[in-house]
Each structure stands twice: as structure tokens, then as C-alpha cells.
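Visitor: Quick one, what's the 3D model for this:
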Amino acid sequence: MDGVLNIYKHPGPTSHDIVDMARRALNMKKIGHAGTLDPLAEGVLILCIGKGTRLSDYLSELPKEYLAEITFGITTSTYDAEGEITSKCDKEVFEEEVREVLNEFVGEIEQVPPPSSAIRYKGKRLYEYAREGIPVEPPPRRVTIYSLELVDFNKAERKGIFRINCSKGTYIRALARDIGEKIGTGAYLSKLIRTRVGPFSAEEALPASELKRENSSVIKGKIMPLVDALPHFPLYMVDHKQAFRISTGAYLPIKRNLFPLGKYIRVVSPDRQLISIAKVEVKEGQFYLKPEKVFAYEW
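Guide: Now for the predicted structure:
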């Protein structure tokens, strides 16, 4: 059983808790997840099943879409609802001033990750420093906000709902912190829903509550085959002989190239088995498929 499973995680469990639920439901150990959702967050969580675990790096690179509720006038130690309140501000917040600052956060920006994140810094994860009470200032990281929209604003409660499309590595609670600082009141992330990861939407996700042994046939029916899990990579069909050759890790010469050099493509057999994730290279005028990941070919 190999593939990718789109799960809707509810608030409360960790991403690893969901993996454990899937392992028990499917009675198999080789299951992981691509990208993490914090315990308080809900929404799309991609599980990698069997050989699908070898695609997790590519799946983690997919852009994400979120709906985020940001509350102004309060800051917390973790920048979300889980932390302790660190400051309060009574300043009034207006919808117009929030809209005015959003463009400053669109595009490639530098973002300082939260102190309670899992990012490694000088050999330890940041949350380990936080638990030990050791203050650290991690270096900012380059992330990309593709779009940032204020969907709704409640002036009385000083809360805004934001739709965010962003790159891998973006911390939405850090974005909440930065918007709050820009407004001058401080802010924290009070609710977060991941509505999409690449082509995987919340509407099509299987609720995590369905991850039970008695639902195993339903779960198996929702597992996306390896060949379809990365639809943004162009597909290149090879014959059986070529499929066997590239499944051994060997370069495969091709007569002509229709793909951008250096970009990933899916190499697929005539019976739609995913054989390799590869790139096209050219040497002395000859095009080759250079495999980066290969999968056993069952012919």
C-alpha cells in the first residue's frame, strides 16, 4: 500500500498523533507526514503511505493556503493562543489601517521564527531553548507570501480573518506578530486553518476522526497513487525497457527534450507506475533523464 492521503486534522492532536492514528487504522508502520500543523491548528495534513514517504520532501515544498484569525491588542509568549500573555494594549484598531499595512508583507520577506518553533539553532530546536528559559535570537529566514487578504474584520473584538498563500517555512504566528507590531498594538494568532497544500484541499480531505480500523477500506480508497501525488511535475512516459533501466538509477538518454532543464519530472511506465523523480540534463548535445528518486519496477 503506497501513496498519499489528504487528512483534515482537527484542533488538539499533534501531527504525529494523526500519523499514529493512521498506522493503527491501516495496521502498518511506514507512514509519515509532509509538513507539520501545530496542535491548535486544523486543516489539511498530508500523510505519506509506504513508498509515499519518499515523496515527502517534494510534498513539503508545495505552497500553502491558510485562513488565520489574528487578535490585536494582546501578545503571547508563543505568538498564538497556547502561550502566556506577555502584553496588552487598549489602542483602537481600524480596518483601513490593517489593510494599508498588508502589502508590506507580500513578496519575499525576512521572517524571524517563533521562539517555540521546531527550527534547529546551534544544535538544538528553538522550543528546547524556550523550555529551558534560555533566550535566543534566531536569524531571520527568507520566506515568500504570495498573497495576503483581509477577509473580515471585527472592530469591537479587534479581530481580523486573513487568507494567506505562502511558501514552505512560513510561520503564520510570526506573521501575526509582525502585523501587530506594524499596527502598534501587538497581536497573536488566535485560530488557524490550513485550507490547501498545493492541489490538496480541505474540502476533499478525509476527517481524521475517520482514521479507525473499521474504516480501513474507506481509507484505502482515499489513498492517492504515487503517480498522481505530484501533479505539478510534468509526466514523461517511457517503455518497459526504459522503465527498468531508470529504476536501477541509471541515466536514460532521450531523443528530444520538451521540459525545462533542471526541473523535476515524473517518469512513468506504460502501466502508470511511478518509476522515478528525475531531471533532464544535457551533455555534449545529448539529453538525459537523471533520476533523483527511483522506485522498484514491477514488470
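Visitor: can you pull out the helices in the stretch 51-200 of the chain?
Guide: 56-60, 95-102, 126-131, 172-183 (DSSP state H, counting those that start in this stretch).
Visitor: Deepest in the core, which of the ones you listed is it.
Guide: For the helices of the stretch 51-200 of the chain, the largest average neighbour count (mean count of other CB atoms under 10 Å) is found in helix 172-183, namely a mean of 22. Every C-beta, even on glycine, is put in place using the N, C-alpha and C of the backbone.
Visitor: relative to helix 95-102, how tilted is that helix?
Guide: Counting by axes from the mean of the first three to the mean of the last three CA atoms, to 10 degrees, helix 172-183 lies at 120 degrees to helix 95-102.
Visitor: now for helix 172-183, which elements pack on it?
Guide: strand 64-72, helix 95-102, strand 107-111, strand 159-166, strand 187-197 (3 or more CB pairs under 8 Å, 6 or more residues apart in numbering; DSSP states H and E).
Visitor: model confidence over the second one, on average?
Guide: Think helix 95-102. What helix 95-102 shows for mean pLDDT is 95.
Visitor: Name the surrounding residues that touch it.
Guide: Residues from elsewhere that reach helix 95-102 (CB atoms under 8 Å, 6 or more residues apart in numbering): 72, 148-150, 153, 155, 160, 179, 182-183.
Visitor: Could you work out the most separated pair of those?
Guide: Among the contacts of helix 95-102, the pair separated by the greatest distance (CB to CB) is Leu148 and Lys155, at 19.6 Å.
Visitor: re the thing from before, of the contacts of helix 95-102, just say which sits nearest to Arg54.
Guide: Leu148 (33.4 Å).
Visitor: longest strand in the chain, by residue count?
Guide: Counting residues, the longest strand found in the chain (DSSP state E) is strand 141-154.
Visitor: per-residue confidence averaged over it?
Guide: So the average pLDDT for strand 141-154 ends up being 96.
Visitor: Give me the helices and strands touching it, please.
Guide: By 3+ CB pairs under 8 Å, 6+ apart, strand 141-154 packs against helix 95-102, strand 107-111, strand 159-166.
Visitor: Now render these as TSV, adding distance to Ile193.
Guide: Shown next, in TSV, are the helices and strands packed on strand 141-154 (distance: least, CB to CB, whole Å):
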stretch	distance to Ile193
helix 95-102	19
strand 107-111	20
strand 159-166	10
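Visitor: which one of these lies closest to Pro260?
Guide: Closest of the helices and strands packed on strand 141-154 to Pro260 is strand 107-111, at 21.2 Å (criterion: CB to CB).
Visitor: could I get that closest one in CSV with only the CA atoms?
Guide: Output of strand 107-111 as CSV, limited to C-alpha atoms (Å, rounded to 0.1, in the frame of the first residue of the first chain):
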residue,chain,number,x,y,z
GLY,A,107,6.5,39.0,-1.7
GLU,A,108,9.8,37.6,-0.5
ILE,A,109,10.3,38.8,3.1
GLU,A,110,12.6,38.1,6.0
GLN,A,111,10.9,36.5,9.0
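Visitor: which of the helices of the stretch 51-200 of the chain has the lowest average pLDDT?
Guide: Across the helices of the stretch 51-200 of the chain, helix 126-131 gives the lowest mean pLDDT, at a mean of 75.
Visitor: How far off centre is the helix or strand containing Ile46?
Guide: Secondary structure from DSSP states H and E places Ile46 in strand 42-49. On the basis of CA atoms, centre = their mean, to the nearest Å, strand 42-49 sits 9 Å off its chain's mean C-alpha point.
Visitor: counting contacts, what elements does that strand pack onto?
Guide: Counting contacts by 3+ CB pairs under 8 Å, 6+ apart, strand 42-49 is packed against strand 3-9, helix 15-26, strand 31-34, helix 56-60, strand 187-197, strand 200-201.
Visitor: how far out from the middle of the chain is stretch 115-132?
Guide: In terms of CA atoms, centre = their mean, the centre of stretch 115-132 is set 20 Å apart from its chain centre.
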